[in-house]
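Colleague: Below is the sequence, then the predicted model.
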Amino acid sequence: DDSSSAYDSLDEEDMQESDVMDLEDLGVAMRPLLVGDKQHVPKEMVTPKQAAALKKEGYKLIGTHSAVKLCRWTKHQLRGRGGCYKHSFYGITSYQCMEATPSLACANKCVFCWRHHKNPVGKEWRWKTDDPHFIVAEAVQAHVGMIKEARGIPGVMPQRYQEALTVRHCALSLVGEPIMYPRINELLADLHSRNISSFLVTNGQHPAAIETLIPVTQLYVSVDAPTEQTLIDIDRPLFKDAWDRLRMSLTLLKHKRQRTVARLTVVKGWNFDEIQGYAELIALGHVSLVEVKGVTFCGKSDASNLNMSNSPWHHEVVALTSNLQQELAKMTAAGGPDAPPLYGIACEHKHSCCIVLARVDQFAIDDPVTGKRKWRTWIDFDKFLELSRRHEQDSTFKFDVEDYIADTPDWATFGSEEEGFDPTDRRHRRKGKAPLYTKFDSRGVPTHGWDGTRLAEDEIQRLNQVMDGKIAEMGSALSVVKELGDGAKSVVDPSLMFR
């Protein structure tokens, strides 16, 4: 069991009790049941105040501890304005994806949590438990209801709207820790029975639950820090042994035969360096994929002390990912029983500031025509559902990552002109939000204007002089992290002054 030590002690005492009860003790034992002793009735997870706060932010609450919410990428792709990174990397249809959670509670209070901690916290399940089939049925109904409400949004494409009424994917990553829900396997099986794929994200604080999971379409463990102290600072975990739990969770991924992901949310000034630490954690799990995503700043709140300077630009995420890939390659070349497999940079989604590393042995083939490496990070969802059903009917039946992969389109691969944006859609920018410059030199000085044409040489020279002045003012050309009084960290980098 991976619950708290105090809770473990209670369980051990309970297990040590004899199954045989003396007659004189029977009346004492039955009294709470007869009088309805409240201490034996599990309470509901969400308080009225928390429920009101969550509803105000657009959550549709399901039962006593679950929720759904319509993702902005669902609305974007309904309007032909592009899909999320999972569409680019793995081939999901964003407008057919339901974002949900069976547990609003979490064991961490991460500084970058974009839910601003309006949800409950806890180390183990101590609440009333809703039926998993009820949760899935109500979640699908609520999601479809939100799709119908979105029909009136200008630009919604009729064919996509009709297809969106059928849910095909479920991202169990909305808020909280879904794996805390004690009947998570039944919930996953229900999703699969409805031909809905599963993307399950966990923060790695419940390794026992990870170990007993049934096959998931794609299983994520969040790797938010490269060292124990950084993990404490950025995740603010409830568990005192959070670092050990994370390492154990990653180690267990090595034994999973389906797709596994180490997900890095990088925050400048907090967890943006110490590449070796990240590589060592990734090596524990031999994960299929490594997602590196820049944190999205969601505004100031009492629960978070992040600011805009903590959000990296895409080119910074690319540089970090490249360094991480090189560090992993060194460990691979060094060999040994714990050496990680070889990874390559497979895909990018610039709009999300996200890059994915993929295992070469699982996802790469040599194109017989060009001789170049071709990536196969997309998912054959129908094949996965077929294989998972066979496993459910016969637990001795096993299947692997390679059994349900599909070709990655060229536009989604790293270095493509589209930068991960599906060319069947059209990029939409809000008025006044188009970038002033589109290309920069190695120092960060602009070289091309908003329309992609090269700037005049005298203008480039002027901008260089402006940057020189900024560097002289700072006394450094490098990024500087300033500690602020409220625990926040501000990052000043002259190379970003024109971004």
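Modeller: Received, thanks.
Colleague: rest of the way, CA atoms for contacts and neighbours
Modeller: Will do.
Colleague: how about the helix or strand harbouring Arg389 as CSV, C-alpha atoms only?
Modeller: For Arg389, the host element (DSSP states H and E) is helix 381-393. The C-alpha trace of helix 381-393 is given here as CSV (Å, rounded to 0.1, in the frame of the first residue of the first chain):
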residue,chain,number,x,y,z
PHE,A,381,-6.6,3.4,-31.5
ASP,A,382,-8.9,0.7,-32.9
LYS,A,383,-6.0,-1.8,-32.6
PHE,A,384,-5.4,-0.8,-29.0
LEU,A,385,-9.0,-1.3,-28.0
GLU,A,386,-9.1,-4.7,-29.8
LEU,A,387,-5.9,-5.8,-27.9
SER,A,388,-7.2,-4.5,-24.5
ARG,A,389,-10.4,-6.4,-24.9
ARG,A,390,-8.5,-9.6,-25.6
HIS,A,391,-6.4,-9.0,-22.5
GLU,A,392,-9.6,-8.4,-20.4
GLN,A,393,-11.0,-11.7,-21.6
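Colleague: so what secondary structure elements neighbour it?
Modeller: helix 184-193 (3 or more CA pairs under 8 Å, 6 or more residues apart in numbering; DSSP states H and E).
Colleague: Contacts for the helix it packs on, please.
Modeller: For helix 184-193, contacts defined as CA atoms under 8 Å, 6 or more residues apart in numbering pick out 102, 132-133, 135-136, 170, 178, 197-198, 213-214, 216, 385, 388-389.
Colleague: most neighbours, which of those residues?
Modeller: Ranked by neighbour count (other CA atoms under 10 Å), those have Pro102 at the top, with 32 neighbours.
Colleague: and it, what is it in contact with?
Modeller: By CA under 8 Å, 6+ apart, the contact list for Pro102 reads His65, Ser66, Ala67, Ile135, Leu172, Pro178, Tyr181, Ile184.
Colleague: Ile147 too?
Modeller: By CA under 8 Å, 6+ apart, the contact list for Ile147 reads Leu70, Tyr161, Ala164, Leu165.
Colleague: Tell me the one among the residues you listed nearest to Ala142.
Modeller: Set against Ala142, the nearest of these by CA to CA is Leu70 (9.6 Å).
Colleague: Go ahead and confirm the closest one touches Met98.
Modeller: Yes - using CA atoms under 8 Å, Leu70 makes contact with Met98 at a distance of 7.1 Å.
Colleague: quick one: which of the two has more around it?
Modeller: Neighbour totals were compared for Leu70 and Met98, and Met98 leads with 28 against 23 (other CA under 10 Å).
Colleague: SS state for the more buried one?
Modeller: The three-state label given to Met98 by DSSP: H, G, I helix; E, B strand; the rest coil is strand.
Colleague: Read off the pLDDT value for Ile232.
Modeller: At Ile232, the pLDDT value in this model is 89.
Colleague: just checking, what packs against the helix or strand where it lies?
Modeller: Element membership of Ile232 [criterion: DSSP H and E] is helix 228-235. In this structure, helix 228-235 packs against helix 242-253, with contacts taken as 3+ CA pairs under 8 Å, 6+ apart.
Colleague: what about Pro340, how many residues close to it?
Modeller: When neighbours are counted by other CA under 10 Å, Pro340 registers 24.
Colleague: next one: Ala319
Modeller: Using other CA under 10 Å, Ala319 has 11 other residues around it.
Colleague: Which positions in the lengthiest helix in the chain come out as buried?
Modeller: Once the chain is assigned using DSSP state H, the helix that runs over the most residues is helix 314-334. Neighbour-count burial for helix 314-334, counted by 16 or more other CA atoms under 10 Å, picks out 314, 317-318, 320-322, 324-329, 331-332.
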